[in-house]
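Asker: Quick one, structure for this:
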Amino acid sequence: MDAAPVTALGSRATLVDPAAQVAFARDGHVTVPLLDDEAVDELRAVFHDLFPGRATGFVPTAAYATRAQKQATTEVLFERLVPRIAPLFDRHRPFMAAFLVKWPGEAGVVPLHQDDWHVDERRFRAVAVWIALDDVGPEEGNGPLEVVAGSQWVEARPRGTGTPWPYTAECGHLAEHHLVTVPARRGEAVVLDNGVVHGSAPNRTDRPRLAVAIGMAPEEAGLVQAVADDAGQVWLFDVDPDFYVEQDLKAMTVAGLAERHRCRERLPALPPTLSAEEHERLCARGCGTHPGR
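Answerer: You can find the predicted model right below:
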């Protein structure tokens with residue numbers, strides 16, 4: 001079987017820098033310097049002003065904040081970060097923004113998963129720009145990102161609310177043979193393809209681990225939200241950036257979205273899981289293996 005291409009994702013490049021683009025296309029992630037200490041401290045202050053309380057577990061504010069908090073978060077993060085981020089990209093636009101808080105304790109584990117489709121990945125790729133506001137890594141013990149490098153090439157099925165995740169039965173194998181830790185220093189940004197399998201361990205320190213995420217998509221790509229119905233069919237709805245502020249991302253249904261958004265396509269139900277043989281065949285094509293495994 002031919003190897004997966006590594007020069008671009010989708011129909012065109014994501015990043016302007018050629019070396020960064022090659023690494024990103026190959027692995028589905030690349031780390032770049034972005035913010036100095038002063039800018040990091042300013043963002044930390046914004047977070048504490050908008051979200052003064054404490055919580056538990058892993059809290060992405062795009063899913064758990066009030067509408068007013070999401071609006072304020074989006075406005076300030078777009079204003080402060082997009083001018084720094086946009087020059088890294090080849091004709092991309094921001095579409096969502098959030099703080100990501102991993103509070104101390106075992107409840108903060110993030111299981112392996114892939115992010116939802118935000119564009120039609122049969123034609124385009126969207127990314128999360130994950131910006132560390134703390135030093136993050138195995139030595140810190142605060143739950144760094146862990147990724148299956150190259151896994152954006154393995155499966156192209158739509159992902160969204162209620163869609164089955166085909167790797168559920170293979171999570172142990174992925175973690176043992178293909179998972180790579182991605183450390184980051186304060187102010188560094190990890191550009192992460194939405195299709196990459198990733199997760200993170202609990203934060204085993206006594207203080208919250210704080211990061212920011214900005215979603216970026218090609219300028220010419222329409223934004224979408226995928227939702228599965230009771231029969232397993234996947235409905236693709238056209239959305240816009242306001243959707244991520246106004247919508248309760250934890251409570252989306254086909255009927256609810258159909259009231260306000262155009263359905264561009266219905267896709268047939270797919271098998272809920274991959275067999276071990278299918279997984280190994282596809283992962284041999286798409287996934288890197290942790291050195292030494």
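
Asker: mean confidence score for the helix or strand where Trp235 lies?
Answerer: Using DSSP states H and E, Trp235 sits within strand 234-239. Averaged over strand 234-239, pLDDT sits at 97.

Asker: any low-confidence regions in the stretch 151-293 of the chain?
Answerer: Scanning the stretch 151-293 of the chain for pLDDT under 70 picks out the ranges 169-170, 173, 272-293.

Asker: again, only using 50
Answerer: Counting by pLDDT under 50, the ranges of the stretch 151-293 of the chain that qualify are 288-293.

Asker: Just name whatever secondary elements the lengthiest helix in the chain is in contact with.
Answerer: Identified as the longest helix of the chain according to DSSP state H is helix 67-85. Contact partners of helix 67-85 among helices and strands, from 3 or more Cβ pairs under 8 Å, 6 or more residues apart in numbering; DSSP states H and E: helix 37-50, helix 61-64, strand 92-102, strand 127-132, strand 209-218, helix 243-246. Backbone N, C-alpha and C define where each C-beta goes, glycine included.

Asker: angle of that helix against strand 127-132?
Answerer: Angle between the axes of helix 67-85 and strand 127-132 is 90 degrees (criterion: axes from the mean of the first three to the mean of the last three Cα atoms, to 10 degrees).

Asker: Need the contact partners of helix 67-85.
Answerer: Under the contact criterion Cβ atoms under 8 Å, 6 or more residues apart in numbering, helix 67-85 has outside partners 34-35, 39, 42-43, 46, 50-51, 61-62, 65, 94, 96-99, 129, 131, 189, 212, 214, 216, 241, 244-246.

Asker: For PyMOL, write the select line for the buried members of those.
Answerer: Typed into PyMOL, the next command selects the buried ones out of these (criterion: 16 or more other Cβ atoms under 10 Å):
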select buried, resi 34+35+39+43+46+50+51+61+62+65+94+96+97+98+99+129+131+189+212+214+216+241+244+245
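
Asker: In which helix or strand does the closest residue to Thr205 other than its chain neighbours reside?
Answerer: With sequence-adjacent residues excluded and distances taken as Cβ to Cβ, 6 or more residues apart in numbering, Thr205 is closest to Asn142, at 5.0 Å. According to DSSP H and E, Asn142 maps onto no helix or strand at all.

Asker: what's the burial count for Thr56?
Answerer: For Thr56, the count of nearby residues is 11 (other Cβ atoms under 10 Å).

Asker: what do you get for the one 3 residues further on?
Answerer: Neighbouring residues of Val59 were enumerated by other Cβ under 10 Å; the total is 19.

Asker: wait, is it part of a strand?
Answerer: Yes - residue state for Val59 (DSSP: H, G, I helix; E, B strand; the rest coil) corresponds to a strand.

Asker: isn't it right next to Ala107, touching?
Answerer: No - between Val59 and Ala107 there is no contact under Cβ atoms under 8 Å: 10.3 Å.

Asker: Tell me the bridge partners for His92.
Answerer: Note on His92: beta-bridge partners Pro218, judged by DSSP bridges.

Asker: where's it relative to Thr14, distance?
Answerer: When Cβ to Cβ, to the nearest Å is the yardstick, His92 and Thr14 sit 7 Å from each other.

Asker: hey, what's in contact with both of those two?
Answerer: Val127.

Asker: Doesn't Ser20 belong to a helix?
Answerer: Rather than Ser, residue 20 is Ala. Yes - remark: Ala20 belongs to a helix, assigned using three-state DSSP.

Asker: show me the residues around it that make contact.
Answerer: Val30, Val32, Leu88, Val191.

Asker: neighbours of the closest residue to Arg204 other than its chain neighbours, just the number please.
Answerer: Of all residues not flanking Arg204 in the chain, Gly141 sits nearest, at 4.6 Å (Cβ to Cβ, 6+ apart). By other Cβ under 10 Å, 14 other residues sit near Gly141.

Asker: backbone phi and psi for the residue nearest to Thr205, please?
Answerer: The phi/psi pair for Asn142 (degrees, to the nearest 10) reads phi -110, psi 20.

Asker: My guess is it contacts Lys102. True?
Answerer: Yes - Asn142 is in contact with Lys102 according to Cβ under 8 Å; the separation is 6.8 Å.

Asker: how far away is Arg93 from Thr61?
Answerer: Going from Arg93 to Thr61 by Cβ to Cβ gives 21 Å.

Asker: oh, I was asking about Pro94
Answerer: When distance is defined by Cβ to Cβ, Pro94 is 16 Å away from Thr61.

Asker: same thing with Asp115?
Answerer: 16 Å.

Asker: Please pull up the helix or strand immediately following the helix or strand hosting Leu192.
Answerer: Element membership for Leu192 (DSSP H and E) is strand 188-193. Per DSSP H and E, the first helix or strand lying C-terminal to strand 188-193 is strand 198-200.
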